[in-house]
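S.K.: Sequence plus predicted model, see below.
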Amino acid sequence: MARAASKKTSKKSSPNRNPKFVYAFGKKTDGNATMRELLGGKGANLAEMASIGLPVPPGFTISTEVCTYFYEHGRQYPKSLEKDVKSAIASIESQLKKGFGARSNPLLVSVRSGARDSMPGMMDTILNLGLNDETVEGLAAVSGNSRFAWDCYRRFIQMYGDVVMGVQARTEEEEDPFHVVLEKLKKRAGVSVDSDLTTGNLRELVNRYKALILKRTRSAFPQDVMDQLWGAVGAVFGSWK
């Protein structure tokens, strides 16, 4: 079960005086295909595609050295990592003219795990990270489709609740708790397929998912988008062991 690690930084010095832990890809690309040991397979491939001019959305890879550091220093991050990640997010915001956590035209990101070699049991991808009770309205306005925005939000909460916060079936016999909530709402709404749920239904589903997370974990689904991001990063590292 993947769990979010706390966003702590270690006071211990890093091996290098000015280590580089975050590698950008997109218009500005720091890596290439030869850097698999440092960037993992996915990160190296994305950097290579961007470097040869293929259309790759901007993003960044946190190096495998951070994961090593994470476990060698009591599940803490290198001191400079938080600043580096914020700088990388700011670069993406500038390139896409969107804001991470902005009420209008919000930036949404995905978080994927990776490794030097293919590994079974790696964390599932988290999509639409950056949605919350305010940015969902921004997505609705930008897309012109409220139902689409709320459907994205409920799916993100389900993914995040499962992968990061550990809200999962507790036994082999138990059904996925999010699926149970969804099916109960569909039955009450008189529909048999997800696509027949209305925007109002999806708003209610979001509230029910958040209530489920709070009940199971005694922690609220995070509304701060940077808290969401660090929770996902911690879950990636947690899935490596």
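M.R.: Noted; the coordinates are in hand.

S.K.: which residues touch the residue of the chain positioned farthest from its centre?
M.R.: Distance from the C-alpha centroid of the chain peaks at residue 190, with 32.6 Å (Cα atoms, centre = their mean). Shown in contact with residue 190 (Cβ atoms under 8 Å, 6 or more residues apart in numbering): no residues. To be clear about C-beta, it is placed using only N, CA and C from the backbone, and glycine gets the same treatment.

S.K.: cutoff 10 Å now
M.R.: residue 196 (Cβ atoms under 10 Å, 6 or more residues apart in numbering).

S.K.: if I look at it, how far off is residue 201?
M.R.: 10 Å (Cβ to Cβ, to the nearest Å).

S.K.: what's the answer for residue 158, then?
M.R.: 15 Å.

S.K.: ok, residue 219 touching residue 212?
M.R.: No. Taking contacts as Cβ atoms under 10 Å, residue 219 lies outside contact range of residue 212: 12.0 Å.

S.K.: So for those two, which residue has more residues nearby?
M.R.: Neighbour count, other Cβ atoms under 10 Å: between residue 219 and residue 212, residue 212 has more, with 19 against 11.

S.K.: Could you double-check that that one sits in contact with residue 177?
M.R.: Yes. Counting by Cβ under 10 Å, residue 177 is a contact partner of residue 212 at 5.9 Å.

S.K.: what touches both of these two?
M.R.: 158, 161, 167.

S.K.: now the residues you listed as JSON lines including neighbour count, secondary structure and pLDDT?
M.R.: Below are the shared contacts of residue 212 and residue 177 laid out as JSON lines (neighbours: other Cβ atoms under 10 Å; DSSP: H, G, I helix; E, B strand; the rest coil; pLDDT from 0 to 100):
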{"residue": "158", "neighbour count": "22", "secondary structure": "helix", "pLDDT": "98"}
{"residue": "161", "neighbour count": "21", "secondary structure": "helix", "pLDDT": "98"}
{"residue": "167", "neighbour count": "24", "secondary structure": "coil", "pLDDT": "98"}
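
S.K.: Residue 175 belongs to a helix?
M.R.: No. Counting by DSSP: H, G, I helix; E, B strand; the rest coil, residue 175 is not part of a helix but coil.

S.K.: how about it, what does it touch?
M.R.: 169, 183.

S.K.: Not counting its neighbours along the chain, what's nearest residue 160?
M.R.: residue 126 (6.1 Å; Cβ to Cβ, 6 or more residues apart in numbering).

S.K.: And for the one you found, the neighbour number?
M.R.: Neighbour tally, residue 126, other Cβ under 10 Å: 23.

S.K.: so what's it up against?
M.R.: Contacts of residue 126 by Cβ under 10 Å, 6+ apart are 109-113, 156, 159-160, 162-164, 228-229, 231-232, 235-236.
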